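Enquirer: Predicted model, plus sequence, below.
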Amino acid sequence: MKANIEVLIHSSIRIGGEKVIYADPFRVKDKLHDADLILITHDHYDHFSREDIDGAAKEKTILVVPENMKKQAIKAGFAEEKLATVKPGSRLEIDGVGIEAVAAYNKYKPFHPKSKGWTGYLVSMAGETIYIAGDTDLTEESRKVKCDIAMVPIGGTYTMDARKAAELVNHIRPKTAVPTHYGSVVGKREDEDVFRKYVDPEIRVEIRMRQQEG
């Protein structure tokens, strides 16, 4: 793994490398103001937090949001010239970082409707592709992902649980799998043990969660 990946808490992710990328910053204790890019998957409070975005952002940070969040982001005070929007299936490149939006939604639960156009992301830089799944169930779109590192939610309730997340990882065959979305808002510490148990031993599981609660 070339990138320095941390799950700060819940689904709050920091990726250090050629560029510094945050995904869904939330309850960020260290206000580093070092983000080149901030990726937002959807508008729930634990994924779109103005306070935490401000703590990660610097003057030239680009904020990437799903297309249907553009007005919401501008209303929250983000400058339109520093916004980039995506919809599932779209691709763009920002400062040498490739970004592809992947649909993220619930199949049988009401929390993340497919109609919202919310997303996960495939981030490509320095010869690696990282899948940040966002809040999603195991879907046909997620099963088509090709990546080196898969960051998948395991906490259940609003997303896949640990066994379904392992099923997805075993299908898409990344080199490394990193669990997210557990340990605070939803999901418990033991979920990472269940995930590890059901992931194929040929796939490396790395626990990158910095902070858990409870």
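Expert: Done, it's in. Residues are numbered from 1 along each chain as shown.

Enquirer: Quick one: neighbours of residue 16, just the number.
Expert: Close neighbours of residue 16, defined as other CB atoms under 10 Å, add up to 13. Backbone N, C-alpha and C define where each C-beta goes, glycine included.

Enquirer: quick one: it and residue 22 touch, right?
Expert: No: contact criterion CB atoms under 8 Å: residue 16 and residue 22 do not qualify, at 10.1 Å.

Enquirer: Go through this protein and flag its longest strand.
Expert: Assignment by DSSP state E gives strand 57-66 as the longest strand of the chain.

Enquirer: now that one: how far from the chain's centre is it?
Expert: 15 Å (CA atoms, centre = their mean, to the nearest Å).

Enquirer: same question, stretch 32-46
Expert: So, by CA atoms, centre = their mean, the centroid of stretch 32-46 is 9 Å from its chain's centroid.

Enquirer: First-to-last residue distance for that stretch?
Expert: 19 Å (CA to CA, to the nearest Å).

Enquirer: Check which residues of it are buried.
Expert: Going by neighbour count (16 or more other CB atoms under 10 Å), the buried part of stretch 32-46 is 35-44, 46.

Enquirer: related to what we said a few turns ago, average pLDDT for the longest strand of the chain?
Expert: Averaging pLDDT along strand 57-66 gives 96.
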